[in-house]
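Engineer: no FASTA, just this:
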């Protein structure tokens, strides 16, 4: 399969075999997602060596990081979808405007978040669910994370913009380099320099800055990419409306998931009277969420490889290819998850011990919680592809419903109901129950969408080079 360039983009997106073009686009994004997940998990792993409270602190702050990422993905995915559809329709000048508007909007929003969050640090970590024992570590970790917000947001935006141009390998270089650097710097700052949880955050902040510089270099020096240019920063309300229309599902997927995690942490504070059990429950949530997201990141990365094909083909009116790509990706993702979930089930207790073997409560709570979530993990295959597909086609409302169901409405509902009925056990089983409900909803909605696409005739291939 040849490399995707400006000259051959149309031919590959619209005519190349899906089993070749989608993996070609997906491999770099899978690697990027896995590395991003690994260095998020690395913070949890190394910080867990300090104490249970420190482990819980990373989980508390991670929900705030997820909101920052959700805002970045809202801008990046929304702009990227419009960018890809413009390329598919031959509107290259308009595509260039979306690149610059996305970049400068994300950087400005990151500056606002950095300032506001650091001015209200203690109140913020308390709101996120930090207990008396966890709050000091959470504040030390959060401060440096917020300082890196402008670079974090623009890195995620550029990553998405490169992906939607079919240049996922360029995005992979920036994200992967930053991730490897983070893993290397964590033990240096945490233990060698004795900076504790603050050291982990400093390592993450430096890594985000490095990723930002590499991605910006990739965007602005490669002939086959659209450059970031302040001259093209000409935003309009209509552009922002289209960005939000396509990007809000990402906010639903990650933003509402972050809200659910905050609720999960706050509810965990009331499942026991013993502070040690409470801190262990919060630490377990942090560890399990990080590991499950590591597995899911492979599927999300595969779905991100599917998105440029989906949005390009939809923009070009090749509806049968959209349906074929959705079915292919859903089957592949499900097989991947069955294999990974089965393997993780065998070693579930060992996985939790790897993070916090020193605390038997964390091992007990975390092992049961992990096993419960692994049982429903294969349902994520078609669920993720349904979310990616609807978002890429511009079905904003339906995509938002799908993306916010699993870790939004359903998780929050079942956490509140099951915890009130069964206490800690209810907290542990809430996520898998939500997974089943969200999967059923996604399948019902996608059957209707695929039926509609089947009724639409394919357009003739456009007679142009791009």
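Structural biologist: Ah, there it is. The model shown is predicted, which means the values in this text are computed figures rather than measured ones.
Engineer: Count the residues that sit near residue 460.
Structural biologist: 9 (other CB atoms under 10 Å). (C-beta placed from N, C-alpha, C; glycine too.)
Engineer: for residue 327, same thing?
Structural biologist: Residue 327: 14 neighbours (other CB under 10 Å).
Engineer: Determine the three-state secondary structure at it.
Structural biologist: Under DSSP: H, G, I helix; E, B strand; the rest coil, the three-state class of residue 327 is helix.
Engineer: residue ranges for the helices of the stretch 51-200 of the chain, please.
Structural biologist: 52-88, 92-119, 121-127, 135-147, 149-164, 168-187, 196-221 (DSSP state H, counting those that start in this stretch).
Engineer: Output the below-cut-off pLDDT ranges for this structure.
Structural biologist: Residues of the chain meeting the criterion pLDDT under 70: 1-7, 9, 39, 252-253, 461-466.
Engineer: In it, where's the longest helix?
Structural biologist: helix 275-315 (DSSP state H).
Engineer: Next, the angle helix 168-187 makes with that helix.
Structural biologist: Calculated by axes from the mean of the first three to the mean of the last three CA atoms, to 10 degrees, helix 275-315 forms an angle of 170 degrees with helix 168-187.
Engineer: and the angle from helix 275-315 to helix 52-88?
Structural biologist: Using the same axes, to 10 degrees: helix 275-315 against helix 52-88 is 10 degrees.
Engineer: which of the helices of the stretch 51-200 of the chain is buried the deepest?
Structural biologist: Ranked by mean neighbour count under mean count of other CB atoms under 10 Å, the helices of the stretch 51-200 of the chain are led by helix 149-164, which reaches a mean of 28.
Engineer: In JSON lines: the helices of the stretch 51-200 of the chain, plus distance to residue 260.
Structural biologist: Shown next, in JSON lines, are the helices of the stretch 51-200 of the chain (distance: least, CB to CB, whole Å):
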{"stretch": "helix 52-88", "distance to residue 260": "9"}
{"stretch": "helix 92-119", "distance to residue 260": "20"}
{"stretch": "helix 121-127", "distance to residue 260": "15"}
{"stretch": "helix 135-147", "distance to residue 260": "18"}
{"stretch": "helix 149-164", "distance to residue 260": "20"}
{"stretch": "helix 168-187", "distance to residue 260": "25"}
{"stretch": "helix 196-221", "distance to residue 260": "23"}
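Engineer: related to what we said a few turns ago, please compute how far the longest helix of the chain lies from its chain's middle.
Structural biologist: 6 Å (CA atoms, centre = their mean, to the nearest Å).
Engineer: Stretch 238-252 too?
Structural biologist: For stretch 238-252, the distance to the chain centre is 16 Å (CA atoms, centre = their mean).
Engineer: cool, stretch 339-355 as well?
Structural biologist: That offset, for stretch 339-355, works out to 22 Å (CA atoms, centre = their mean).
Engineer: got a list of what the residue most central in space within the chain touches?
Structural biologist: With distances taken as CA atoms, centre = their mean, residue 254 lies nearest the centre of the chain, 6.5 Å away. The neighbours of residue 254, taking CB atoms under 8 Å, 6 or more residues apart in numbering as the test, are 66-67, 69-70, 73.
Engineer: now, among those, which is nearest to residue 308?
Structural biologist: In terms of CB to CB, no member of the contacts of residue 254 lies closer to residue 308 than residue 73, at 15.2 Å.
Engineer: The closest one contacts residue 248, correct?
Structural biologist: No. Assessed by CB atoms under 8 Å, residue 73 is found out of contact with residue 248, at 10.4 Å.
Engineer: Distance of residue 330 relative to residue 384?
Structural biologist: 8 Å (CB to CB, to the nearest Å).
Engineer: Just give the closest residue to residue 445, not the sequence neighbours.
Structural biologist: residue 398 (5.7 Å; CB to CB, 6 or more residues apart in numbering).
Engineer: One more: residue 245?
Structural biologist: residue 396 (4.4 Å).
Engineer: What is the burial count for that neighbour?
Structural biologist: Neighbours of residue 396 (other CB under 10 Å): 20.
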